[in-house]
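S.K.: Could you work out the structure for the sequence below:
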Amino acid sequence: MKIPVSRIDGFVARPDAAARAILLYGPDSGLVRERAERLARGVVPDLADPFRVVELPASALRDDPARLADEAAQMGLLGGRRVVRVRDASDAAAQAIAAFLEHPLGDALVLVEAGDLAARAKLRMLFEAADNGAALPCYVDDEAAVEGVVREMLRAAGLNAAPDALDYLTSHLGGDRQLVRREIEKLILFMGKAGSQVRVEDVEACIGDSAAQSLDDAVLAAAEGDARKAEHALARAFAEGETPVGAVRAAQRHFQRLHAAASAVEAGASAEDAADALKPKLFWKIRPRFLAQLRLWPVARVGQALERLTAAEIGCKSTGFPDQAIATRCFLELAGAAARRKRRA
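M.R.: Sure thing, here's the model as predicted:
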């Protein structure tokens with residue numbers, strides 16, 4: 001069965017009893033793991049229990065297709081339902097999983113974790129068509145979803161964030177759920193006692209020197225037409241652990257916001273009103289730069305930039321050409337387009 005995005009959170013909280021195996025796939029590996037662990041804890045509270053939780057690399061199923069059925073059929077030594085987690089799955093594991101879904105033995109819950117899968121991938125089609133299987137896509141969070149995670153974690157720690165601090169967090173953390181949680185956990189430790197309000201100064205002190213800051217510098221420089229600064233900031237972000245796909249997606253998010261604001265300007269709004277209407281709000285420090293960028297990027301040109309970024313993301317994933325070079329070339333092309341526009345203006 002195919003689970004729509006709008007129903008995923010409800011499904012994870014209360015899975016369909018008919019689902020003997022669940023596929024979790026998508027570009028957000030952190031969200032894949034988080035949802036798999038929530039599903040697993042619904043069956044086995046202690047995921048470190050070796051008698052009730054078994055983890056299998058997908059290669060084990062390729063070498064021994066019957067291994068999955070054997071593990072699912074086993075009973076826990078001390079009783080209780082078991083969980084079988086298959087990691088890093090691909091279409092190579094489809095045959096073994098199909099055999100299990102056709103004749104499911106035992107009562108174990110099988111969780112299959114995979115990366116991004118095309119719509120016609122065998123593994124994805126298998127789970128979507130099965131009455132006793134479920135497919136859950138895990139896409140990179142947009143800023144509204146990131147804000148929800150941030151609010152939830154801070155509230156649980158007895159903290160709240162000032163509006164400008166929350167804006168800074170949601171616009172700087174990116175969309176990888178696992179990375180977002182690690183950064184907020186670091187912020188909570190930095191804040192110490194409960195009952196405190198997180199200020200933007202606290203966020204900058206704790207998170208501001210990360211690869212995300214270098215990446216923000218690269219994106220803003222590219223949108224402003226400063227190729228040298230964009231290249232240097234992007235190289236620094238890569239050295240600090242940022243991925244080329246992550247860099248391209250950060251630029252996509254920024255240009256999507258430019259597109260929304262430019263569309264409002266084209267419809268008659270002032271640049272200031274269009275920028276201030278964005279959700280989440282622009283961080284006050286970058287607002288003047290964003291307004292200047294709006295003059296360089298009318299709607300049609302922003303659309304072309306987004307098409308170029310989409311092509312770069314696909315290239316990073318599929319061409320075999322060095323992905324850092326693809327991302328860097330894309331940033332330099334964007335900077336060149338902005339610089340030409342600036343000279344004409």
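S.K.: just checking, what packs against the helix or strand containing H232?
M.R.: Assigned by DSSP states H and E, H232 falls within helix 227-239. Helices and strands touching helix 227-239, as assessed by 3 or more CB pairs under 8 Å, 6 or more residues apart in numbering; DSSP states H and E, comprise helix 211-224, helix 244-266, helix 323-344. C-beta coordinates here come from the backbone N, C-alpha and C atoms, glycine included.
S.K.: Backbone dihedrals for V198, please?
M.R.: phi -80, psi 120 (degrees, to the nearest 10).
S.K.: So what's the residue count around it?
M.R.: 24 (other CB atoms under 10 Å).
S.K.: wait, it sits on D164?
M.R.: No. If you go by CB atoms under 8 Å, V198 and D164 don't touch, sitting 10.2 Å apart.
S.K.: Any idea how far apart the tips of stretch 94-114 sit?
M.R.: 12 Å (CA to CA, to the nearest Å).
S.K.: got a list of contacts for the helix or strand that contains G148?
M.R.: Using DSSP H and E, the element containing G148 is helix 143-156. By CB atoms under 8 Å, 6 or more residues apart in numbering, the list of residues contacting helix 143-156 from outside reads 141, 160-161, 166, 169-171, 173-175, 177, 180-181, 184-185, 188, 198, 253, 279-280.
S.K.: Return the subset of those residues lying in strands.
M.R.: 160-161, 198 (DSSP state E).
S.K.: related to what we said a few turns ago, quick one, which of the helices and strands packed on helix 227-239 is nearest to R33?
M.R.: Proximity to R33 (CB to CB) singles out helix 244-266 among those, at 16.8 Å.
S.K.: Buried residues in whichever helix or strand comes after the closest one, which are they?
M.R.: Counting by DSSP H and E, the next helix or strand C-terminal to helix 244-266 is helix 271-276. Neighbour counts over helix 271-276 (16 or more other CB atoms under 10 Å) mark 271, 274-275 as buried.
S.K.: for stretch 79-90, same thing?
M.R.: 82-87, 89-90.
S.K.: now, which of those residues lie within strands?
M.R.: 83-87, 89.
S.K.: Can you give me the domain boundaries for this protein?
M.R.: Structural domains assigned to the chain are 5-137, 143-207, 211-338, following automatic domain parsing.
S.K.: Need the mean per-residue confidence for the shortest one.
M.R.: So the one you mean is domain 143-207. Across domain 143-207, pLDDT averages out at 81.
S.K.: Please apply the same query to the first one.
M.R.: The average of the pLDDT scores along domain 5-137 is 90.
S.K.: Show the end-to-end separation of that domain, please.
M.R.: End residues of domain 5-137 are separated by 7 Å (CA to CA).
S.K.: what angle sits between the helix holding G148 and helix 244-266?
M.R.: Following axes from the mean of the first three to the mean of the last three CA atoms, to 10 degrees, one obtains 110 degrees for the angle between helix 143-156 and helix 244-266.
S.K.: quick one: helix 143-156 to chain centroid distance?
M.R.: Centroid displacement of helix 143-156 relative to its chain, using CA atoms, centre = their mean, to the nearest Å, is 14 Å.
S.K.: swap in stretch 255-274?
M.R.: 26 Å.
S.K.: Show the average pLDDT along that stretch.
M.R.: What stretch 255-274 shows for mean pLDDT is 94.
S.K.: List the buried residues for it?
M.R.: Result for stretch 255-274 [16+ other CB under 10 Å]: buried residues 255-262, 264-265, 271, 274.
S.K.: Mind telling me the two of these farthest from one another?
M.R.: Pairwise over the buried residues of stretch 255-274, using CB to CB, the maximum falls at Q256 and A271, 17.0 Å.
S.K.: winner for burial among the helices and strands packed on helix 227-239?
M.R.: The highest mean neighbour count among these, using mean count of other CB atoms under 10 Å, belongs to helix 211-224: a mean of 22.
S.K.: tell me the mean pLDDT for that one?
M.R.: The model assigns helix 211-224 a mean pLDDT of 84.
S.K.: helices and strands around that helix, which ones?
M.R.: Using 3+ CB pairs under 8 Å, 6+ apart: helix 211-224 touches helix 163-172, helix 227-239, helix 244-266, helix 287-296, helix 323-344.
S.K.: switch the cut-off to 6 Å
M.R.: helix 227-239, helix 244-266, helix 323-344 (3 or more CB pairs under 6 Å, 6 or more residues apart in numbering; DSSP states H and E).
S.K.: and it, how far from the chain's centre?
M.R.: On CA atoms, centre = their mean, the centre of helix 211-224 falls 19 Å from the chain's centre.
S.K.: next one: stretch 164-184
M.R.: With CA atoms, centre = their mean, you get 11 Å for stretch 164-184.
S.K.: Just give me the neighbour total for P65.
M.R.: 16.
S.K.: Then A94?
M.R.: Neighbour tally, A94, other CB under 10 Å: 19.
S.K.: Repeat that for P4.
M.R.: 9.
S.K.: same deal with I314?
M.R.: 13.
S.K.: now do A17
M.R.: Quick note: A17 (other CB under 10 Å) scores 7 neighbours.
S.K.: And L77, by the same measure?
M.R.: Count around L77 with other CB under 10 Å applied: 11.
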